[in-house]
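Student: sequence unknown, structure follows:
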C-alpha cells in the first residue's frame with residue numbers, strides 16, 4: 001500500500017483560525033460601557049444639568065436631604081418587589097446593589113430595557129431558569145404598574161378637582177390612542193392565530209408566569225413584599241417630588257403634587273426615551289402647573305427633582321453596574 005501525502009501548507013503561512021475575543025476582554029468592555037453612556041447622556045443634557053444645579057443652590061437643604069433619603073428608599077422598595085416576585089430567596093445585599101445599578105441602566109436605555117436586562121441577568125446568575133426569571137420580571141412589571149395606577153386612582157377619588165387631566169394629553173389624543181391600541185391587539189391576535197411557533201411560545205410563557213404567580217401568592221411574606229413594594233415604590237418617588245417642591249417653595253398642596261407626579265408618569269409610560277429623559281420633565285411641569293403651581297417655580301422643582309433622582313445616582317450607579325459585571329454578579 002502506498003502512502004498518501006497530503007499537500008503541505010506553503011511556508012510562512014499558518015492555517016486560518018477563527019479569532020475569538022477572550023471573555024475577560026468582553027467583560028472589560030461591558031464594565032466601561034456604562035461610564036461611556038453616562039458621559040454621552042451628560043453632554044447631551046448639559047444645559048438641563050446646569051440649570052438644575054443652579055436651582056438646587058437656592059433651595060432649602062433640609063427638605064432636599066429628605067428628598068435624597070426618599071430616593072434611596074426607592075431602591076429598597078424595588079428590591080422588596082423583586083424578591084416578592086420569586087419564590088426562591090435572593091441574596092439581599094447583591095439584590096439591593098443590583099437595583100441601584102439597574103436604576104442607572106434604566107436611564108441609559110429606552111423603555112426600561114436597562115433595568116429589565118440587569119435584573120434578568122441577575123436572576124439567571126442566581127440559578128433561576130430563564131423562563132422563571134422572565135415570568136418574575138413580567139410579574140414585577142405588572143405589580144409596579146398596578147400599584148402606580150391604584151395610587152393615582154385613590155388620589156383622584158380623594159381630590160377630584162386637584163388636577164386638570166386634559167392638560168396632560170394633547171388635543172384629540174384619545175381617538176388615535178384607542179385606534180392604535182385596537183390595531184395592536186388585532187395584529188397580536190392574528191399572529192397568535194396564524195403562527196404556531198409564536199402561539200406555542202406565548203402559551204408556554206403564560207403557563208410558567210401563572211404558575212410562578214400562584215406559587216408566590218401561596219407565601220404571605222412574598223405576596224406582602226411584592227404588593228407592598230409595588231405601592232411603596234411610586235409613593236416614595238412622589239414623596240421625593242413633594243419634598244423637592246417644599247425645598248423650592250412651590251405653593252401646591254403635598255397631595256396635589258403627588259397626584260401630579262403619578263398622573264405625569266402614567267401619561268408618559270409608553271414614550272420610548274431612556275429613563276423618560278425629556279418626556280418626564282415636560283409632563284411633570286405641565287402637571288404641576290395644572291395642579292396650580294406657577295410655571296417658573298414648577299420648572300425649577302422638576303429640574304431639581306431630576307438632579308436628585310437621576311443625575312446624582314447616575315455615575316455611582318454606573319460604577320456599581322460595572323463592578324457587578326466584573327464580579328460576575330450579573
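Tutor: Okay, I see it. Nothing here was measured: the structure is a model prediction, and the numbers come from that model. Numbers count the residues shown, from 1 in each chain.

Student: how near is residue 298 to residue 215?
Tutor: Counting by C-beta to C-beta, to the nearest Å, the separation of residue 298 from residue 215 is 45 Å. From N, CA and C alone the C-beta is placed, and that goes for glycine too.

Student: neighbour-wise, which of those two wins?
Tutor: residue 298 (25 against 15; other C-beta atoms under 10 Å).

Student: residue ranges of the helices in the chain, please?
Tutor: In the chain, the segments counted as helices under DSSP state H are 23-44, 46-56, 61-84, 92-106, 113-125, 130-158, 174-194, 196-217, 220-247, 254-267, 279-290, 295-306, 312-326.

Student: point out where the stretch 151-300 of the chain drops to low pLDDT.
Tutor: Within the stretch 151-300 of the chain, the ranges that satisfy pLDDT under 70 run 164-178, 180-181, 270-278.

Student: tell me which residues touch residue 101, please.
Tutor: Neighbour list for residue 101: 118, 317-318, 320-321, 324, 330 [criterion: C-beta atoms under 8 Å, 6 or more residues apart in numbering].

Student: now with 7 Å, please.
Tutor: 118, 317, 320-321, 324 (C-beta atoms under 7 Å, 6 or more residues apart in numbering).

Student: could you dump those residues to TSV with distance to residue 236, neighbour count and pLDDT?
Tutor: Putting these into TSV (distance: C-beta to C-beta, whole Å; neighbours: other C-beta atoms under 10 Å; pLDDT from 0 to 100) gives the following:
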residue	distance to residue 236	neighbour count	pLDDT
118	20	24	91
317	17	25	89
320	20	21	90
321	22	30	88
324	23	22	90
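
Student: tell me the one among those nearest to residue 230.
Tutor: Nearest to residue 230 out of these is residue 118 (C-beta to C-beta; 18.4 Å).

Student: hmm, that closest one is touching residue 104, no?
Tutor: No: the pair residue 118 / residue 104 is not scored as a contact, 8.9 Å apart, by C-beta atoms under 7 Å.

Student: buried ones in stretch 141-158?
Tutor: Under the neighbour-count criterion of 16 or more other C-beta atoms under 10 Å, stretch 141-158 has 141, 143-144, 147-148, 151-152, 155-156 buried.

Student: same question for stretch 294-307.
Tutor: Judged by neighbour count using 16+ other C-beta under 10 Å, the buried positions of stretch 294-307 are 297-307.

Student: next one: stretch 53-62 to chain centre, how far?
Tutor: Centroid displacement of stretch 53-62 relative to its chain, using C-alpha atoms, centre = their mean, to the nearest Å, is 27 Å.
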